[in-house]
Each structure stands twice: as structure tokens, then as C-alpha cells.
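S.K.: following is a predicted model, sequence given first.
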Amino acid sequence: MSSDAFDDVLCAISRDASLDNGWAEIKTTSGSKADMETIFDAICSQYWQAVEREIAGAIVALADFEEHQPDALPGESVKRDDLSSAKLMGLLDLWNPFDVGDWPKDINRPKPDLNTIAAAVEQSVGEYFEHELISKRRARSILQALGIMDIDFVYEHRQPTFRSWGQRPQVFEEKPLLMARQCSECRRCIRSFHYYECIKGCKDSEFQRNMTNIQPKVDSDPMNELMHSLALNKLMEGKSPYRLCPPCLLSSTHPRDHLRAVRGFTKAGDRPVMEFARQLDIWEDHLDGRSLLSIGTIALDRLSMGRPLFKKTSSRHFFPGGNSHCAVMFGPLLIENGMTKHPGGALISTRNPPNLSASSSKDLMEFLAEPSEWSLDDEDEVVHKILLSVSGDRRLYKIEKPVRERRFMSTRKQMSGGLFTGHCDRFLEGEETILKVFMASAMVWTLMKSQDKTQAQHRAALKAVAERVTATIRQVYGFEIQKVLVGFADRLHKRSKLQYNRLSNNCQDFCSGMLLNDDKWDTIFNFTYPTVPADREHTADNVCLRYMMSFSEKMLDPMNEMPFVNPLVCSVPLYNSFGHNDADLIDHVTSIRLRESPNFSDGVTAFGECHDELLMKDTEFTCPKEDDIPRVPCTIADHLLDCPHDNLSVLAMHVHRRRGLYTIPSSEPCFDEFLSSKGPSAWIENRLEVLHRLLILNTYLAMISRHFQEVSKPLTTKELVKAWEPPSSYFARAWYNNKRDGRSLRRPDWSDSWDSQAGSSMMTAMVMIHTHPYMQAPDVWNSRLTAIKKRLFDESKDKTRIFDSPWTNCGCNDCLYAFAKQNCTRAYSYAATQADIPSHERRYFKRHPDYVSFAQLQSSISALGQAHPAVVILLDQLEKTPEYLEAQ
């Protein structure tokens, strides 16, 4: 027995049905289905075309840097003291690629001394930043940011199978009144730890009402009566502040100078708040039509898989990756599954160029598009691009579709190729050539764009210099990049399972299989450093990839085993430890670590001083003061080396993050304002700060790798085989405080992780447990089961009535009257939204959060009377928009 019938609604993402039509098969010259060589040629062509486009964007960015910020920022003028860190020794011990046991007796050379290597690394990093010109540093950092040979897992938020399985809804509490914080645009409950609120006095419509709950009166105490009366007045008043959830921010036209980001860590709350949040969960699941579906799917899975019920409900296969979709990103390529029904299998596309310049990513992409790349889509002229797909039966297809702007919620570095970092001697001369050509191209572009020429002429000039830089990169690094593309082509052709399956090959399973699949290609990514030092000559027997570091080995599940990385200190584990919502990694972690809650009693705040907004470092979690030891000022190197894998992932997230999402602290406490309102110079400064941190971290990692290689140079090939044993790539993910035990990591205990942070760290851990989907499984199951029982056994003929308002509301006459009025105003506000639309185009839906059923309206009108003002305006509106009563 199988639950395949539910795979559509439990698919990895909200699939775009338009992708299922128009595919053309690519065959070999002999007319047979594509072989590995055909697949390799197709993705190789797609890869280099995308690289050329991104190089063009990088040239524009370098020219914009010179125009808007020619002088070094204060942060870019680093001194040697800023580049030293006591955390370096811990990482060297973890990543040591030499035999950590007894040094082989037949190697007549001293065992490498880590203290000597640490001193050499710090000296090399210091000398680079002391002598390298700022213009050249910026050029190098831009090319590093493109990650042309990096591999990342990128995550997108998806419409959740069950909204109740993400974060709990935000609830405003003013006892005895509880009110859901709903978005003014989509009207859904806000589930992220932050939202955007108007500070200029803009309010919701006077008829728009958020879902509310008033706790029943406990006794006849006068104070209780007074609080009850005040709660009723607030309920009747309505007009909540205009607020937006993160997804609606991108499409909203509300003036940005009106909006501020409100950040707070809302804990689970007391029992009435938790109960109301559960009721909101059930209400929203019902709106999505998923209440009964959850019961049926879990039952089918339990019968077909023979696994315990609650274990199944909390597995990542039933709720893939929280509520996220995962793709492999190699340079500009995106490889993923679960995107189409036909042809199915793996979809290969290209990302939009990173937004590093003063122009938006969309404007740059449209400027670079040739006239032949534009075509009509729903009467609008849009840019199209080529997509490839390898189906489950290994056929290769091609299609041209409109460019889709994608929003990555989180990025997790899997391999750092090390291009333009200087990690390998054999590439140093080639890198210098590329940098010279790249910087010269930016100067040419600066001159060209000031000339009075047509857009086509400017585009041709930019693409010409970008083509030259790309050709130089291909000449230097082409063979190394080809190795990775061949590996991907081979796995797409025959070695990896491609077809999406919710239980056995969801998007995350697919991405993991593209890197580690128990075949010959595993050795490429399995170790922190290549199995042969990057600067050594390769033979037919020892060919490997010359990358800087790999992080691709699978980590332990934090809910089943103690993680190697402190989830409260490192941003990626912290983000992944919560049920995913529509906030990205930057907003989510910032809201937890660095902001007080606007409603102090609702939240938990780490009162530590913020040391770095971009890396989200503070005194509480990343720069703690040890007991009885005076605080030593931390350095930017301390921030970057506390967990390099985590910081690389965060910086990659910044490189690809949309400009409109960035906020900066405002003069008003607890609020942030938008960076986009500060002009292009503020954006360029943001980009330079991100790139500066990336350059420092990459320089450190490159120098560590390079000095390990220096130690190996005197060794003969035979000696190298015995001495060079890089640790597994999961060592590269470790926190500097982790301890090595031979070829494995010692499992940390609590004292390793928290030290003097125990107070607020344990508080955060406790809140995490309350909100984590694993812990919610039985709770959500029982809540949903209770809802269905009430629906089935309710004496009312209208089985949907119990979902129209939260249960356990106060039943006094005053409250019943207030909620009757609330139902009428909710219905009026929804009906009025389409008053200006021609009648034949009006569409109302029962799943809309402001929809109130006809039966419930009848009951409310009866309670209020036909003469009540709320009833009069509702009936008048229903006469104008009678389609409301025919809601689908």
C-alpha cells in the first residue's frame, strides 16, 4: 500500500505547472537518447554561458565600487592585530591532514609542528593585507564571491504541507485578550520571529479584524470585570497597525520609509497563549483543506511502512526539511528534483546573477539580455532562459522559459573551490593574470558607459570584455571545473536516483546523492583536503579535485545525536533547528540574537552587545567572557574563525540576498529601517563589508591549506602516501572548540558548549524545544484529531462552524455580541476587496482568512439585529457583491 496519491500536495516545492509543457528531447547525433557525453556538453555550455553573464555583472560592480566608494572603508583598513586569533590553533588541530598518531618511523623528517604552522599562517595573512592594494583586494573578493567552483546547498521556503508544522503563530497578549498578528495583505498569521509594521500611523481597514480570543471570566472580582471590559473595547475598536509578513513585503507597494522591521523572539508562552496558537494552527490548516488529509496520509504511511506513528509524523520525509526545498548550486548552476511531473527527474537551470552593483539584479539581467532572449509571456515581454532536464529514464530535454526570480532562504557551503584565494601554488600566476584582465576590463567599462552610445552598443562592449575574462578563467581553471561537471554528468546519466519520491528521494536526498552516492566520485568531496595535496602533480592513479576545503560529509541529526557544532552559536544549525518559516537565515537569527522583543514579556533577549551585524556575532553567544578572566577585545578574525563553515555559508547567503530585505538599526528602539531607502552608496558599502569579511576568511583558509601543502613538499610520493591523511570533511564543519580524538571528533558535553553562557543559552534551548517540529508532533496530532472529532460530532448541521472562530471564547452575552459584530465586519472587509472589479471577474474563496460562512453570518445577524450598523453595511455590500455568497 502506498501514499503516492498525496505526493502532489506533499511535493518538495509549490511546483510551477507551466514547466510541464513544451520540452524537446536532445538526442545524440545517431538519434538515440542522450549519453553521458551529450549531458556533459549540455550542462558545460549552460555553465560557461552563465559564468560569462556573472562576470559581466562583476565588472559592473567593480566599476560601481570605484564610483561610489573609491576610498577604503574603516573596516577595510585592517591592522595586523585585527587579523590574529587564538581560535586558529583549535582549527589547525582539527584539520591537520598529517597522520595524528605516531609519526611513521621510515619518514626521516620531523613531525609537523602546528605552532610553527599557526605562526606562518598569521604572518602570511598579515602580510597580504598589509601590502595588497585596496583596489586589487576588492577585485579578488568579487571573483571569490561568485563561487565559480564552489558547491552549496541552497534552500527555498515552500508552501508548507501543514501550516501548523512551522513556527507557531505570533500572538499579542493583553489579558484577558489574545489576538493573532495577521498580515494586512495576505491576512495569514505571521509565523516568523519578525514582521514589518507601519510607524506613520497607517492602520488596517476599520472593518478588518484579526482572529481574537477573550478568556472567560474567572470570578466576579471588580478588577477582573474591568480588564474584561477593556478587552471588549479593544476588540470592538479594531484597526490594528498595518503590518506585513516577510513574503508580502516584496510585493507590497506600501512606502518603505513608513515601514520598520519589528524583531523579537516570541517564546511559546503560557497555557492560554499556547492553546490559542494551537487553535490558530488548526484554523489555518482547515483553510488549506488539510485537516482530514493529515489523518489519511499518516494512516496510509503507517500501514505501508510499518513504523511507529509519532516517529513517522516527525520525520523529515513526511515534512521534508521543515518546509523547504533544496537544490545543489555549483557556481551559477542549479540542479534539483521535484520540480516537474514531466519530464520529471532532475532540472538544471542557472541562478540570477548576484546583486553586487548599484543596479538591481533584475535591471542588470535585462540589460545583458539580447533581443532574441525576449519574448511574450501573458502579454508581457520578459527575458527567457534555457532549462535542461534529465528524466527518470535518463533522457535529456530542453526548454526555454521566463526567468524566475528565486529567493534563497539559507545557503549551506558544501565545497569551497578556492578560486582566486591563492591556496595552490600552481594557480598563482594564472590568478594574477585573471585579476589584471578583470581590473582592466572594469576600467574599459567605466570609460565606455560614459560615452554617448546606444544600449546595444554598451551591451556589446560589456559582453566583449566579460568574454575575455571568462576565456582567461577557463584557460586557468577549466580542467578542474570540468572534473566536477563530468562527475555531475555521470551521476545524472546513471549513478544517482533522479525521480522525486517523498519517502525515498526527496529534494534533500537527491542533493546529498549528487555529492556522496557510494561510488567512485565520493573521494572527490569526502575529505577536508584533497587526497593528494593540491599543488602535487597528478597521475592516472591519483587524480583528484584541487579544491581548498570540503564540508560535504553528512552531519549527525541534532535531534538524535549531540551535534558537533554548537547550534546556539552557529547560524546555520540555529536556523535549521527551528521549524522553517518564511523568514530567511539572516532575519531569523538576527531576530533571535540581536533584538529585544517589542512586547518584553513575550520574548527572550540576549542582552549581549552586537559585535557584527552581518555575521550576527554578539557577546552572549560568540564572544563570551569566561568566568574570572578579564575580557580581551575580540577581533574580526575571532568572529570569522569561530566556525568557518558556518561563516562561509552566512556570507554566501549575503552575496545572493535581495537588496530589499536588508534593514539597519534605526534610532527607535526595537525597530529596523530599510537599507534600500538610503541610496546606492549605502548599498555599495554593504556589499564591500560583506566582501571584506569573505576575503579575510578565504585568505585564512587558503593560507592554512597552503602551509599544510608546504610541509608536504619535501616528502617523496611514497612518504606522502603514509603521512598525508586528511580527516573526513565533517571535521571542516566543526566549531573551533571541538576536540579531535584521532580520526574522529570527541562528542562534546555541555561544558564544552555553554561555559558561562548557561543562563540565556539554556533559556533559548528551552524555547527551541517548545517550537521545534519534532517536539510538536504528538501535540499537533492530538489537536488536529480533536478538531475532527468536534467537526464530526457537532450537533450543528453546519460542520464548518467550529472553524469560523477560535474555541474556548468567553460565552458571556457581551462577548457573544462582540464576536457577532466581528464576524460581520470580517465578511464585509473581504467582500469589499473586489467591489471595484467587474462582476464576471470576481472570485471569492472559502479558504480566505477573512471569509465567514453564510450560516455563521445568519447567526451573527440574528444576534445583532437587522438595524445594527455592522449588519446594515454588510447587507448593503452583499447586494453590490453577491458573488461572496457563492464563494468557492
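M.R.: Perfect, thanks for sending it. Numbers count the residues shown, from 1 in each chain.
S.K.: tell me the pLDDT at the residue nearest to Cys570 when sequence neighbours are not counted?
M.R.: Spatially, and ignoring its direct neighbours in sequence, Cys570 is nearest to Asp646 (4.0 Å; CB to CB, 6 or more residues apart in numbering). Using the backbone N, CA and C atoms, a C-beta is placed for each residue, glycine as well. For Asp646, the pLDDT comes out at 93.
S.K.: helix or strand for Asp646, just tell me which one.
M.R.: helix 644-655 (DSSP states H and E).
S.K.: by contact count, what packs against that helix?
M.R.: strand 410-416, helix 571-576, helix 585-593, helix 680-712 (3 or more CB pairs under 8 Å, 6 or more residues apart in numbering; DSSP states H and E).
S.K.: so which of these is nearest Val871?
M.R.: helix 585-593 (41.5 Å; CB to CB).
S.K.: okay, angle between the closest one and strand 410-416 too, please.
M.R.: 120 degrees (axes from the mean of the first three to the mean of the last three CA atoms, to 10 degrees).
S.K.: same for helix 585-593, what does it pack against?
M.R.: Against helix 585-593 (3+ CB pairs under 8 Å, 6+ apart) you get strand 194-198, strand 259-263, helix 571-576, helix 644-655.
S.K.: gap between Ser416 and His342?
M.R.: 36 Å (CB to CB, to the nearest Å).
S.K.: my bad, should have said Ile134
M.R.: With CB to CB as the criterion, Ile134 and His342 are 52 Å apart.
S.K.: which one's more surrounded, those two?
M.R.: Taking other CB atoms under 10 Å, Ile134 and His342 do not tie; Ile134 has more neighbours (17 against 12).
S.K.: which ones are touching the more buried one?
M.R.: Ala72, Glu76 (CB atoms under 8 Å, 6 or more residues apart in numbering).
S.K.: any idea of the pLDDT on it?
M.R.: So Ile134 comes in at 95 (pLDDT).
S.K.: just Lys311 next, same as before
M.R.: On the pLDDT scale, Lys311 is placed at 47.
S.K.: and for Ile802?
M.R.: 41.
S.K.: can you give the distance of the lengthiest helix in the chain from its chain's centre?
M.R.: Looking across the chain with DSSP state H, the single longest helix is helix 455-490. Offset of helix 455-490 from its chain centre (CA atoms, centre = their mean, to the nearest Å): 28 Å.
S.K.: what angle do strand 410-416 and that helix make with each other?
M.R.: 70 degrees.
S.K.: next secondary structure after helix 455-490?
M.R.: Taking DSSP H and E, what comes next after helix 455-490 is helix 507-515.
S.K.: so which elements touch the very next helix or strand once past that next one?
M.R.: Remark: after helix 507-515, the chain's next helix or strand is helix 522-525, criterion DSSP H and E. Identification of packing neighbours for helix 522-525 by 3+ CB pairs under 8 Å, 6+ apart yields helix 455-490.
S.K.: elements contacting the helix it packs on?
M.R.: Counting by 3+ CB pairs under 8 Å, 6+ apart, helix 455-490 packs on helix 36-68, strand 324-330, helix 361-368, helix 428-449, helix 522-525.
S.K.: what's the closest of these to Ala732?
M.R.: Nearest of those (CB to CB): helix 522-525, 10.7 Å.
S.K.: so what touches the next helix-or-strand element following the closest one?
M.R.: Downstream of helix 522-525, the next assigned helix or strand under DSSP H and E is strand 549-550. By CB under 8 Å, 6+ apart, the surrounding residues in contact with strand 549-550 are 95, 414-416, 418, 525-529, 701, 705, 729, 732.
S.K.: so for strand 549-550, what's the average pLDDT?
M.R.: For strand 549-550, the per-residue pLDDT averages 95.
S.K.: so how far is Cys810 from the nearest residue to Cys812 once chain neighbours are set aside?
M.R.: Of all residues not flanking Cys812 in the chain, Lys217 sits nearest, at 6.6 Å (CB to CB, 6+ apart). As judged by CB to CB, Lys217 and Cys810 stand 7 Å apart.
S.K.: okay, the contacts of strand 549-550 in CSV with distance to Ser324 and neighbour count next?
M.R.: Listed next are the contacts of strand 549-550 as CSV, based on distance: CB to CB, whole Å; neighbours: other CB atoms under 10 Å:
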residue, distance to Ser324, neighbour count
Trp95, 29, 21
Gln414, 16, 25
Met415, 21, 24
Ser416, 23, 29
Gly418, 28, 25
Phe525, 22, 23
Asn526, 25, 17
Phe527, 28, 23
Thr528, 27, 25
Tyr529, 30, 27
Leu701, 27, 25
Ser705, 32, 28
Ser729, 23, 23
Ala732, 23, 26
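S.K.: those residues: which two are farthest apart?
M.R.: Asn526 and Leu701 (18.3 Å).
S.K.: so how far is Ser577 from Arg412?
M.R.: From Arg412 to Ser577 the distance is 14 Å (CB to CB).
S.K.: what do you get for Asp452?
M.R.: Taking CB to CB, one finds Asp452 at 56 Å from Ser577.
S.K.: and what of Gly22?
M.R.: 41 Å.
S.K.: likewise Ser677?
M.R.: Distance from Ser677 to Ser577, by CB to CB: 33 Å.
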